[in-house]
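[1] any chance you can model this:
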Amino acid sequence: MAPAAEEWFILYGVPKVAAEEETIFQESTNVSFTFNKAPLPSHVTVADNALLRTGYFNYPYIAATDRCGILLLCGHSKIGFTYYLCDPLIRRTLGIVPPGDGDLSCRYSVGLISDRSDKHLMVAELNPSSLAEHGRVTLRCTVDMCSWVEKESAECSDIVGRREWCGDGVLTHKFFLWWFDLSYCILACDPFANEPRFHQIMFPSVPDAVPFFMNPIYGDVHRCLKVSNGRLRYVQIHGTSPEKMEVSMWTLSSSDPSDAKWTNRLDVPFEKIWDDPSYRSKGLPPQVVPAVALVHPMRASEVYFCLATHIFSVNLKEKKTVDCAEFRIQVPPHKICSSRLVHAWRLPVGYTKQSGTISFPFRLH
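    Have a look, this model is predicted:
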């Protein structure tokens, strides 16, 4: 049977919060979606009976997406910090009380994954507190969305570069969760294993790397890890001066983290992008280095960048600018867009319409 046709959206990672009685929510729902064709951003609005409006730093956040279409949100509710599963089909949320004293520092370390049968979802939270000293990490996991189980890593021999962890997010790919710290490495495992074995993959290094700057909201704007065309892709902007900046992409050779290496490096000087008529025709300013946002999920050579209030994509192989649009989302944080704040969200065609005709084995009831 041929795989179902898919469409994709650039999903802004910060949901809006609106009053429960607003007309955007259909009967018996507490979530609304605004779907826009890429490169325009799509966004989620959640009723304030689930998430609370909070300040500039304590904003709600979409931490993860899964191939079944479910979203994992985190934010403050009336009972404190809470995780939510968000189902785009029935437009409802399911609240999950986090383990221990959860807070928004967890938002870049919690992932969502379905098992190989597509019958069960797991929320898994990485605890890296022993990584620097002992090379060990633990997981806190829930499948029933009520009780949490702690799992220790099976062994620590695979983790050789030990230091403090500053997480930037987690990706779900090929039945593994891939936690990443863009200044350090990837830690990948199968969280459904009784004793998960973590595999460490160091990021590529370049001699002219831009110093890593950890902004608590945006993260690093010069580095990006995303999934595209069945592989993990790492993109980095680097150079010794604004005039000599370039963008490079590496591809992970395998979706099995035990046997994965960075290959197929592609280097493109920004000068060649700026000088092309396709860039100038979009009205974008030359000689201004953008932030890297994401990689097209089906066309791996197409990378999206953010510059001021615009998002645009470039085919790196052809050095041509493909798409460009205004990127305006009036919820904090909105001054800069980075890879932390956007997800490439893939859904079956027609799934954007609330309907009972399309379903997955796991749904929220």
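[2] which parts of the stretch 101-250 of the chain are helices?
    Along the stretch 101-250 of the chain, the stretches classed as helices by DSSP state H, counting those that start in this stretch are 131-134.
[3] what about it, any weak spots by pLDDT?
    Counting by pLDDT under 70, the stretch 101-250 of the chain shows low-confidence ranges at 101-104, 154-158.
[4] show me where it has its strands.
    Along the stretch 101-250 of the chain, the stretches classed as strands by DSSP state E, counting those that start in this stretch are 110-114, 121-127, 138-142, 149-152, 169-173, 176-181, 185-189, 199-202, 223-228, 231-238, 246-252.
[5] which residues does the third one contact?
    The reference is to strand 138-142. When contacts are taken as Cβ atoms under 8 Å, 6 or more residues apart in numbering, the neighbours of strand 138-142 outside the stretch itself are 96, 99-100, 122-127, 130, 148-153, 189, 191, 196. For the C-beta atoms, the positions are set from N, CA and C on the backbone; glycine is no exception.
[6] narrow these to those that are buried.
    96, 99, 122-127, 148, 151, 153, 189, 191, 196 (16 or more other Cβ atoms under 10 Å).
[7] what's the burial count for His199?
    By the criterion of other Cβ atoms under 10 Å, His199 has 20 neighbours.
[8] beta partners of it?
    In this structure, His199 has the following beta-bridge partners (DSSP bridges): Ala188.
[9] how far away is it from His76?
    Taken as Cβ to Cβ, to the nearest Å, the spacing of His199 relative to His76 amounts to 34 Å.
[10] could you do Trp250 as well?
    Taking Cβ to Cβ, one finds Trp250 at 37 Å from His76.
[11] make JSON lines out of the strands of the stretch 101-250 of the chain and add distance to Glu7.
    Output for the strands of the stretch 101-250 of the chain, formatted as JSON lines (distance: least, Cβ to Cβ, whole Å):
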{"stretch": "strand 110-114", "distance to Glu7": "20"}
{"stretch": "strand 121-127", "distance to Glu7": "22"}
{"stretch": "strand 138-142", "distance to Glu7": "30"}
{"stretch": "strand 149-152", "distance to Glu7": "35"}
{"stretch": "strand 169-173", "distance to Glu7": "19"}
{"stretch": "strand 176-181", "distance to Glu7": "24"}
{"stretch": "strand 185-189", "distance to Glu7": "28"}
{"stretch": "strand 199-202", "distance to Glu7": "30"}
{"stretch": "strand 223-228", "distance to Glu7": "15"}
{"stretch": "strand 231-238", "distance to Glu7": "20"}
{"stretch": "strand 246-252", "distance to Glu7": "24"}
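[12] so which of those comes closest to Ile217?
    Proximity to Ile217, assessed across the strands of the stretch 101-250 of the chain by Cβ to Cβ, is greatest for strand 169-173 (13.1 Å).
[13] tell me the strands beside the closest one, with direction?
    With DSSP bridges as the test, strand 169-173 is paired with strand 176-181 (antiparallel).
[14] just the CA trace of the partner strand, in PDB.
    Coordinates of each C-alpha in strand 176-181 appear next as PDB, following Å, rounded to 0.1, in the frame of the first residue of the first chain:
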ATOM      1  CA  PHE A 176      14.300   6.900  18.600                       C
ATOM      2  CA  LEU A 177      14.200  10.100  20.600                       C
ATOM      3  CA  TRP A 178      17.200  12.300  19.700                       C
ATOM      4  CA  TRP A 179      17.900  14.900  22.400                       C
ATOM      5  CA  PHE A 180      20.400  17.600  21.400                       C
ATOM      6  CA  ASP A 181      22.500  20.400  22.800                       C
END
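[15] and the angle from that strand to strand 121-127?
    With axes from the mean of the first three to the mean of the last three Cα atoms, to 10 degrees applied, the angle from strand 176-181 to strand 121-127 works out at 30 degrees.
[16] tilt between strand 176-181 and strand 138-142?
    Counting by the same axes, to 10 degrees, strand 176-181 points 130 degrees away from the direction of strand 138-142.
[17] check the chain for its longest helix and report it.
    Under DSSP state H, the helix in the chain containing the largest number of residues is helix 270-275.
[18] could you check that helix and say which residues are buried?
    Along helix 270-275, the positions that meet the burial threshold by neighbour count (16+ other Cβ under 10 Å) are Phe270, Ile273, Trp274.
[19] the first one contacts Val289, doesn't it?
    Yes. At 6.5 Å, Phe270 and Val289 qualify as touching, with contact defined as Cβ atoms under 8 Å.
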